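[1] could you work out the structure for the sequence below:
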Amino acid sequence: MRSKFPEVSIIIPNWNGKHLLKKCLSSIGKQTYRDFEILVIDNGSVDGSQNFIKKNFAQVNLIELKNNIGFASAVNLGIKICTGNYMVLINNDTKVDKNCIKYLVSAAKKNKSAGMIAAKILQLDKPKLIDSAGDYIDAVGHANNLGYGEEDGMEFEKGKYVFLVSGGGCLIKRKVFESIGFFDPDYFAYMEDVDFSFRAQLYGYKAFFEPKAVIYHKHKATSSKYPAFTEYLQYRNMTMTIIKDFPIALFLRDLNWLKIILVNINTIRYLAGIGYLKEALKAELFVLFNLFNLLKKRKQIQSDIKVPVEYILENIRPKKLTFFGFLGKGI
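    Residues are numbered from 1 along each chain as shown. Model prediction:
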């Protein structure tokens, strides 16, 4: 019965991104692959985004919200109402190569064990440089983009399995959401894709990097406008991910539990040093007041693990702490 629906649902959260939408939506309209629908979930924009879309992109299914419910909840809403078997998540601050969706779908069909496909994301302003070739997380909870800032070349021309995908440019199969649930709305924004990818891996859904699927991304087009809020969310959400998703064996390996504590202390020091002590303390208090709920989520996540813990350990980058590192950037 689902055959009459588009195979792919492209979901784009938007918040006051009118100046970004023309480039993004125009590039999607030029895709060589055509069996898709576009959903823009507008988080209560006040910059005219809604009217701009209605006037210029009538093919877009625009969902207008009264308030900003966050990136994670906006994506969840799109997933719940879309019809595709493949959900493609794209940031509004991107330009999508004309063959991107075609290659994402092709990779999804070829790689049966992969529940998620990561696009090759290049920097919009410096298109020869990598923004993300899949993502990774280390043993103290730091997540980052593979290849960030490196020149695109042979190293990034071969498909491979990675641990995490970026919510700003990826394909996720419907069955993954049906199996493990949606993005955690408590994240609001930042690292919700890290948490989701980690949970998917715990339940046996791998991630594959498809280098032919190219997206150009304007790095920090939104977050740079709200640095204090961004620092708060990134620190808070990193801690939540550690509590929820890290298996006991990961805490015990190489004294990672001690490293996590030291990095936590040093992060507060670092944020205080750049003027964000209030945000650091606010993040700590959020975790403290929500610890019971986080531990409840952890119990459910850890009880449903489908893969050997050794697989997870092999895919987490080790973290070496140094005295000079502590004197520098704390996170």
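
[2] just to be sure, residue 10 is in a helix?
    No - using DSSP: H, G, I helix; E, B strand; the rest coil, the secondary structure at residue 10 is strand, not a helix.

[3] ok, it - contacts?
    Neighbour list for residue 10: 28, 36-39, 88, 90, 101 [criterion: C-beta atoms under 8 Å, 6 or more residues apart in numbering]. C-beta: built from backbone N, CA, C; applies to glycine.

[4] how about 6 Å then?
    Residue 10 sits next to 36, 38, 88 when contact means C-beta atoms under 6 Å, 6 or more residues apart in numbering.

[5] out of the residues you listed, which comes closest to residue 192?
    For the contacts of residue 10, the minimum distance to residue 192 (C-beta to C-beta) is 16.4 Å, reached by residue 88.

[6] quick one: the residue lying closest to residue 212 once chain neighbours are set aside from residue 159, how far?
    Residue nearest to residue 212 in three dimensions, not counting chain neighbours: residue 103, with 4.1 Å by C-beta to C-beta, 6 or more residues apart in numbering. Residue 103 is 10 Å from residue 159, where distance means C-beta to C-beta, to the nearest Å.

[7] pull up the overlap in contacts between those two.
    residue 210.

[8] those two: which is more packed in?
    A count of neighbours by other C-beta atoms under 10 Å puts residue 103 above the other of residue 103 and residue 159, at 22 against 19.

[9] that one contacts residue 213, correct?
    Yes - under the criterion of C-beta atoms under 6 Å, residue 103 makes contact with residue 213 at 3.9 Å.

[10] still on that earlier bit, top of the contacts of residue 10 by neighbour count?
    Ranking the contacts of residue 10 using other C-beta under 10 Å puts residue 88 first, with 28 neighbours.

[11] and the contacts of the host helix or strand of that residue?
    Per DSSP states H and E, residue 88 falls inside strand 86-90. The contact list for strand 86-90 (C-beta under 6 Å, 6+ apart) reads 8-12, 79, 108, 167, 169-172.

[12] cool, stretch 58-74 as well?
    With contact meaning C-beta under 6 Å, 6+ apart, stretch 58-74 is reached by 13, 15, 38-44, 50, 53, 183, 185, 187-189, 192.

[13] which among these count as buried?
    Buried subset of the contacts of stretch 58-74 (neighbour count, 16 or more other C-beta atoms under 10 Å): 13, 15, 38-43, 50, 53, 183, 185, 187-189, 192.

[14] quick one: the residue lying closest to residue 97 once chain neighbours are set aside from residue 118, how far?
    Distance criterion C-beta to C-beta, 6+ apart; nearest residue to residue 97, sequence neighbours excluded, is residue 214 at 4.0 Å. Applying C-beta to C-beta, the value for residue 214 to residue 118 is 12 Å.
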